[in-house]
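**Student:** generate a structure from the sequence data that follows.
(one chain, ligands or ions: 1)
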Amino acid sequence: MGIDYETLRDPNAEYTMRDLSAETMGCRAKRGGGRDVEITDVQTTMVDGNFPWTLVRVYTDAGIVGTGEAYWGAGVPELIARMKPFLLGENPLDIDRLYEHLIQRMSGEGSLAGVTVTAISGIEVALHDLAGKILEVPAYQLLGGKYRDEVRVYCDCHAGEEREPAANADEAERVVEDLGYDALKFDLDVRSGGEKDRANRHLRNPEIEHKTEIVRAVTEAVGDRADVAFDCHWSFSTGSAKRLASTLEDEDVWWLEDPVPPENHDAQREVTRTTTVPIAAGENVYRKHGHRRLLEEQAVDVIAPDLPKVGGMRETRKIADLADTYYVPVAMHNVSSPVATVAAAHVGTAIPNSLAVEFHSYELDWWGDLVEETVIEAGRIEVPEEPGLGVTLDMDAVAEHLVDGEDLFEEA
Ligand code: MG
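**Tutor:** Residues are numbered from 1 along each chain as shown. Predicted coordinates:
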């Protein structure tokens, strides 16, 4: 027998789970001012960037619209459409309650982790834009205010011949000198040409030497002008990761990212605790619960949540707060359009332990065209002071780059 989605959508259906709808919680009372507003619609559209960016819009009866973005993932727009009935009639200012409401309602379908959390993240970001516009404050103000006026951005780099140390060094030089970044990241899971069998995750000594040559070439090329991190994309065995990290201890590595697969926090902790090279992880776990053991067991030196995937802006702030109790800095993973990138900057200014926000689209020359404002300039994001996220979609640019078959948002 199939699932009765109509019952699942019915906001009046009987649930045994904790029900956080406004009706149950008594939050619907009109208290005047900005609280006298209700959600009337939720829409999505997808832009064909270097990843498929799912843009989300939440509409209200006040005519004010909030824009957010979810990380890419199959089925995210459909999941957002499924959650729409749980948002209609709700007060968009109750961001935290609505987030928990969606987590609860979607629990049976998998809101522990994965694309359901990603879909909720996109809605949550849109709610921050919306609430900021209603209250006429920038989104960072909803998160506790500012630590800094601008957030540092690191540029994820690719060299044409990635296995050649000199090609990586040349690209580093170009990104520092021509694009103005003082923080970079290069891939270290590149092939050396000497691999025997990548499935067993073992690194032979010539492979470790080749990776060390890449690290040395890049860090020596940029010298004091830039910090450089290196990403391993969950590639290596625990023992190989420890040998690689140990070999890199004399090099100037900002952090070494995801040396081992993401699902075993014990292995992650083992690598981190046996080397002085800072180890980063986090982009493949979801919600504060997914990050809890990584932080409580000090299995990372740098935590790297992906905001429009992990649960959104407040969830990222909560992860950052937990990280801060262990004095762990936050380097937000980010492969998004300007919308979620700016959302990351709002969180980055509201938390004490922001290290940097990633930029993953420097090869896409129209990335910045999606919004009317300039977002990244000389390796920094100046945190907007306009209400909400402080960026406005350029609908002509969005229309030009829509995924085939997608439609533009409707007017408010
Ligand atoms: Mg990574």
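
**Student:** for this protein, longest helix please?
**Tutor:** Ordering each helix of the chain by length in residues (DSSP state H) puts helix 115-135 first.

**Student:** so, low pLDDT: which residues of the stretch 1-150 of the chain?
**Tutor:** Applying pLDDT under 70 to the stretch 1-150 of the chain flags the ranges 1-18, 26-34.

**Student:** quick one, helices of it?
**Tutor:** 5-9, 22-25, 76-83, 95-105, 115-135, 139-142 (DSSP state H, counting those that start in this stretch).

**Student:** and of the ones you listed, who's closest to Val56?
**Tutor:** helix 115-135 (4.0 Å; C-beta to C-beta). All C-beta atoms are positioned from the backbone trio N, CA, C, and that covers glycine.

**Student:** that older thread, run the angle between the longest helix of the chain and helix 95-105 for me.
**Tutor:** If you take axes from the mean of the first three to the mean of the last three C-alpha atoms, to 10 degrees, helix 115-135 sits at 160 degrees to helix 95-105.

**Student:** how about Pro308: what's its closest non-neighbour residue?
**Tutor:** In space, and not counting its chain neighbours, Pro308 is closest to Ala340: 4.1 Å by C-beta to C-beta, 6 or more residues apart in numbering.

**Student:** wait, is that neighbour part of a helix?
**Tutor:** Yes: read with DSSP: H, G, I helix; E, B strand; the rest coil, Ala340 is one of the residues of a helix.

**Student:** ok, now which ones touch it?
**Tutor:** 53, 68-71, 125, 307-308, 334 (C-beta atoms under 8 Å, 6 or more residues apart in numbering).

**Student:** among the residues you listed, which one has the most neighbours?
**Tutor:** Counting neighbours by other C-beta atoms under 10 Å, the top entry in the contacts of Ala340 is Val125, with 34 neighbours.

**Student:** what bridges to the residue nearest to that one when sequence neighbours are not counted?
**Tutor:** Nearest residue to Val125, sequence neighbours excluded (C-beta to C-beta, 6+ apart): Gly68, at 3.2 Å. Note on Gly68: beta-bridge partners Val56, judged by DSSP bridges.

**Student:** still on that earlier bit, closest one to Thr44 among the helices of the stretch 1-150 of the chain?
**Tutor:** That would be helix 76-83 among the helices of the stretch 1-150 of the chain, by C-beta to C-beta, at 4.3 Å.

**Student:** so Val330 touches Glu358, yeah?
**Tutor:** No: using C-beta atoms under 8 Å, Val330 makes no contact with Glu358, being 11.4 Å away.

**Student:** for the residue in the chain positioned nearest to the ion, which residues make a bridge with it?
**Tutor:** Residue nearest to the ion within the chain: Asp231 (4.4 Å; C-beta to the ion). Under DSSP bridges, the beta-bridge partners of Asp231 are Asp187, Glu257.

**Student:** could you identify which of the helices of the stretch 1-150 of the chain is most buried?
**Tutor:** helix 115-135 (a mean of 27; mean count of other C-beta atoms under 10 Å).
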